[in-house]
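In: what follows is a predicted structure for the sequence shown.
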Amino acid sequence: MGRPEIGIRAPHGLFSAGPDAISRFSGAVEAQGIDRIWVGDHVSFRGGQGYDGLLQAAVLGALTRRVTVQTAVYLLPLRHPVPVARQVASVAEMAPGRFVFGVGMGGDDEKETANCGVDHARRGRRMDEGLALVRRLLAGEVVDHAGPEFPLSEAAIRPTPAVPVPVAVGGRSGAALARAGRMSDGWLGVFVDADRFGQSCRTVVAAGEEAGRSQVGWQHGMLVWCGFGPSRDAARRSVAPALEELYRMPFERFERYVPCGRPADVAEAVRPYIDAGAAYVLLSPFAEHSYESVAGAAAVKAALTSGR
């Protein structure tokens, strides 16, 4: 395999810290040679928290010149595909050839789904139909579509991205893997071990071949929460509260998937995913000081790419 790409999450709270903080962070990522910056997405999560992934991606795309910007993941079932296709095209103008549209189902907070006017049980149908329509619109088609979720009449998006926008589909279920095979350019895993990651990648490729997509240049990725610190315990103290607050579960439920320690320790934990087929790894790092996260991600990249 080629050299793996390493990405880093834009820190929680970065955008509320203002333009100067965003500029400093994106500049540090580029200066350290990290390959990607990724952002999440929520509309109204756990009592109203949220951040629009495509808006944040547009800002980061405009501030950077080299790195790839990626949503991981954008909650597509909560939106209508026509305005989403317009937004994706706009982000692609900000970062031509440097944007990956990662999409997923969400669903950790059923109130978020309901308050967006979406039946929780229909998220899968909306994802399948919506993603197919987004891809058609971004390809320049004029779309007539009978529904049932999104009836369209002569829908079009102009101009379309000069460089096609790759789509990454997240999710661990069989339905998610089948969807990735039918409609993505790569699967994005999270909270799976390396063996399951490799098997899932093979399942996606098989689903793609069954759908007549044997020529896809697959780019599978893995999202990894991690903690940086001088010791495993120190690093664990940084990342454990964040995961517990987000998912409202004990850290022990995630611990085996969350490497903690020095960058070399994190790199060693991540390496099996590269060997299993990951073209890139998106780190969500936590450390006592914010600058340690960027430096740590750069050190992980150096450790993983040396000698390859």
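Out: Happy to help now that I have it. All figures in this text were calculated on a predicted structure; none of them were measured in a lab.
In: show me where the stretch 1-150 of the chain has its strands.
Out: 5-9, 36-39, 42-45, 49-51, 68-71, 74-75, 99-104, 143-145 (DSSP state E, counting those that start in this stretch).
In: to His120, which of the ones you listed lies closest?
Out: His120 lies closest to strand 74-75 among the strands of the stretch 1-150 of the chain, at 12.3 Å (Cβ to Cβ). Placement of C-beta: from N, CA and C, glycine included.
In: A helix includes Glu252, no?
Out: Yes: judged by DSSP: H, G, I helix; E, B strand; the rest coil, Glu252 forms part of a helix.
In: so which elements touch whichever strand or helix holds Cys226?
Out: Remark: Cys226 resides in strand 221-228, with elements defined by DSSP states H and E. Contact here means 3 or more Cβ pairs under 8 Å, 6 or more residues apart in numbering; DSSP states H and E; on that basis strand 221-228 packs against strand 186-190, helix 232-247, strand 260-261, helix 263-275, strand 280-286, helix 290-305.
In: ok, it: who's next to it in the sheet?
Out: Paired neighbours of strand 221-228 in the sheet (DSSP bridges): strand 186-190 (parallel), strand 260-261 (parallel), strand 280-286 (parallel).
In: run the chain-centre distance for the shortest one.
Out: So that's strand 260-261. Put simply, strand 260-261 sits 22 Å off its chain's centre (Cα atoms, centre = their mean, to the nearest Å).
In: avg pLDDT for that strand?
Out: Averaged across strand 260-261, pLDDT comes to 98.
In: so what touches that strand?
Out: 226-229, 231-232, 235-236, 239, 266 (Cβ atoms under 8 Å, 6 or more residues apart in numbering).
In: not counting sequence-adjacent ones, nearest residue to Phe254?
Out: Leaving aside its chain neighbours, Phe254 sits nearest to Leu243 (5.4 Å; criterion: Cβ to Cβ, 6 or more residues apart in numbering).
In: Gly212 is nearest to which of the strands paired with strand 221-228?
Out: When the strands paired with strand 221-228 are compared (using Cβ to Cβ), the closest one is strand 186-190, at 17.5 Å.
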